[in-house]
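> One predicted model, sequence on top.
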Amino acid sequence: MSSETPAEDGGVEIEDVVRFERAGEGDGTSLVAHVHGEIDTLTAPLLRTELDARLPEAPLVVLDLSGVTFLGSAGLAVLVAAKDAVERRGHTLRLVCGSRIVTRALEATGLLALFDVADGVSDALRPTG
């Protein structure tokens, strides 16, 4: 069995993968993406499409990965692409790992050090500086 086994055999809806909310003072200057389930070869393209469409919206993007139960290489590639896209705009991306599953995948691949990681969504939304 491959580590990239799809989460399901049938179609997956975007609501099965990610839910977005605006956060911040007044106009909601931050975007929080609550990612959940298995992020594998079936679901990663859906996540990437949604992130690509929404990343330009906010100067701070928080990816809440606390609901992720599996993070495969396709999912890791989406995280790296999101980081690159946000940084090209001069914006900030923060991850909330939330579980050993996500942290372990990032550590094992040497990617954890690339990301700004927060302990929770409220921590990720706090201004830095």
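Arrived safely.

> neighbours of residue 53, just the number please.
Using other CB atoms under 10 Å, residue 53 is surrounded by 10 other residues. (C-beta placed from N, C-alpha, C; glycine too.)

> Assign it to helix, strand or coil.
helix (DSSP: H, G, I helix; E, B strand; the rest coil).

> how close does it sit to residue 33?
11 Å (CB to CB, to the nearest Å).

> In contact with residue 101: list those residues for me.
68-71 (CB atoms under 8 Å, 6 or more residues apart in numbering).

> Confirm that it sits in a helix.
Yes - the assignment for residue 101 (three-state DSSP) places it in a helix.

> what is the rounded mean pLDDT of the strand ranked longest in the chain?
Counting residues, the longest strand in the chain under DSSP state E turns out to be strand 60-71. For strand 60-71, mean pLDDT rounds to 95.

> Same question for stretch 121-129.
Here the average pLDDT along stretch 121-129 is 84.

> ok so, going back, which residues are contacting the longest strand of the chain?
Contacts of strand 60-71 (CB under 8 Å, 6+ apart): 7, 23-24, 29-40, 54-55, 75, 79, 82, 86, 91-99, 101-102, 105-106, 118, 121, 124-125.
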